[in-house]
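> Predicted model follows, preceded by the sequence.
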Amino acid sequence: MRKVRIFITRLVNKILISTDWYREGFWKGTTKFWNISACDYEIVNLGSNSGKHSFCYEGLPAKGMNWAIGPQSLVHDYNLLKNYFSYLKEGGIVLIPLSPFSCLYSTYTKQSNFKYYPILHPATIIDFDDTERTKAYKIKANPFKEMPMYCIKSTIREILLKFHKKIKGQTIVDFEQDAKNWIALWKNQFKITDLSAPMLKHHKIERTDRAKTLKEIINFCQERSLRPFIILPPLHPSLSACLSPEFRKEYIYDFIKEATNDTSLLLDYFDDKAISKNEYFLNSYFMNKQGAVLFTNKVLKDLKSK
């Protein structure tokens, strides 16, 4: 009887681990690091949700891996790189994708840091808590035992959602409205009323601090014979149009300039017309898989001249 229970538990956990809610919803995509075994990567990318949706190396002529996790700040990018840089070959490329507000602080709760416990060394986890670490490893080892009702409800919800999408068919995205939604969300998150107005004093302090982190990432790579490049991934034209020249200068280009004077490290695709069609985007901010493969291939080609 005990063997049967063990078999059923393992089977249930195997099913749970394959679900989207568990991999992407609960662990935020960090499960890709649980069993990482390949070495000598030629190229990897860091990043938050934008980077997560911008890069896909499947079927492309380079051994690469998408290391982006959402949401994730530059500080978390750096900590992740410290833990996994040895998986890159000598001379390997590290892409550092930036979002429109990478220069500002983001607030991360205990819950949002939970995903890092199974993949990062304790010294590189912000506000490390040994109790949280123990909890994370227990859930990783046996999710159904540790949170049975949550697992059941989440799995049923995912099944119903997929069924609903299948019946309803593909949703047509209103890119213009979606862009307005992103702008409203960012204004509220960072307490900004006018994106074209001069940057507030406390935001300039944050920008300088984040530029220091970006510089540290660049130096860390170069000291280990790795090649870092700063990437501004494509935005849908409806969202790109919302970012004024004044905003771009203060929040993006001045930020990069504070981190490095080496302009050869920057690849700017914000307004890339070759990857601006609706068919390449999930919404006004994130590319779909087709767009990500197209974009990644373009980046690989552009890097050949670097």
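That came through, no problem. Residues are numbered from 1 along each chain as shown.

> Can you tell me the closest non-neighbouring residue to the spatially most central residue of the chain?
The chain has Ser48 as the residue nearest its centroid, 2.5 Å off, counting by C-alpha atoms, centre = their mean. Computed as C-beta to C-beta, 6 or more residues apart in numbering, the closest residue to Ser48 that is not its neighbour in sequence is Gln72, at 4.4 Å. For the C-beta atoms, the positions are set from N, CA and C on the backbone; glycine is no exception.

> The residue nearest to the centre of the chain is in contact with Phe101, isn't it?
No. Shown here, Ser48 and Phe101 do not form a contact pair, counting by C-beta atoms under 8 Å, at 9.9 Å.

> For the stretch 101-250 of the chain, just list every one of the strands.
227-232 (DSSP state E, counting those that start in this stretch).

> what's the burial count for Val75?
The number of residues packed near Val75 is 18, by other C-beta atoms under 10 Å.

> Number the chain from 5, please
Taking 5 as the first residue, the last one we looked at is Val79.

> and the angle for the helix or strand Leu85 falls within with strand 231-236?
According to DSSP states H and E, Leu85 maps onto helix 78-88. On the basis of axes from the mean of the first three to the mean of the last three C-alpha atoms, to 10 degrees, helix 78-88 is oriented at 150 degrees to strand 231-236.

> Moving C-terminal from helix 78-88, which element do we reach first?
Following helix 78-88 in sequence, per DSSP H and E, is strand 92-101.

> got the buried residues for that following strand?
Going by neighbour count (16 or more other C-beta atoms under 10 Å), the buried part of strand 92-101 is 92, 96-101.

> Give the next helix or strand downstream of the lowest-mean-pLDDT helix or strand in the chain.
Within the chain, no helix or strand scores below helix 6-21, which has a mean of 81 by mean pLDDT, DSSP states H and E. Downstream of helix 6-21, the first helix or strand assigned by DSSP H and E is helix 24.

> Work out the gap between that next one and the centre of the chain.
Averaging C-alpha positions (C-alpha atoms, centre = their mean, to the nearest Å) puts helix 24 16 Å from its chain's average.

> same check, this time on stretch 240-250
Counting by C-alpha atoms, centre = their mean, stretch 240-250 comes out at 21 Å from the chain centroid.

> List the neighbours of that stretch that are in contact with it.
Stretch 240-250 is contacted by residues 104, 179-180, 182-184, 186-187, 199-202, 239, 274-275, 280, 282, 285, 287-289 when judged by C-beta atoms under 8 Å, 6 or more residues apart in numbering.

> Alpha carbons of that stretch, as PDB, please.
C-alpha atoms of stretch 240-250 as PDB (Å, rounded to 0.1, in the frame of the first residue of the first chain):
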ATOM      1  CA  HIS A 240       5.200  47.400 -30.700                       C
ATOM      2  CA  PRO A 241       4.900  50.800 -32.500                       C
ATOM      3  CA  SER A 242       1.800  51.600 -30.400                       C
ATOM      4  CA  LEU A 243       3.900  51.400 -27.200                       C
ATOM      5  CA  SER A 244       7.100  52.900 -28.800                       C
ATOM      6  CA  ALA A 245       5.100  56.000 -29.800                       C
ATOM      7  CA  CYS A 246       4.200  56.600 -26.100                       C
ATOM      8  CA  LEU A 247       7.900  57.000 -25.200                       C
ATOM      9  CA  SER A 248       8.900  60.600 -26.000                       C
ATOM     10  CA  PRO A 249      12.400  61.600 -27.000                       C
ATOM     11  CA  GLU A 250      12.700  63.400 -23.600                       C
END
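
> Now do the same contact list for the closest residue to Tyr45 other than its chain neighbours.
The shortest distance from Tyr45 to any non-neighbouring residue, by C-beta to C-beta, 6+ apart, is to Leu92 (5.0 Å). For Leu92, the contact set (C-beta under 8 Å, 6+ apart) comprises 44-46, 48, 98, 230.

> try Trp186
With contact set as C-beta under 8 Å, 6+ apart, Trp186 has these partners: 243, 246, 287-289.

> Go through these and say which is closest to Ser158.
Asn287 (23.2 Å; C-beta to C-beta).

> quick one: what helix or strand has Lys32 in it?
Per DSSP H and E, Lys32 falls between elements, in no helix or strand.

> That one against Gly74, yeah?
Yes. Between Lys32 and Gly74 there is a contact under C-beta under 8 Å: 6.3 Å.

> any common contacting residues for these two?
With C-beta under 8 Å, 6+ apart as the test, Lys32 and Gly74 reach no residue in common.

> Look at Gly68 and say how many residues are nearby.
23.

> which residues touch it?
By C-beta under 8 Å, 6+ apart, the contact list for Gly68 reads 45-49, 59, 61, 300.
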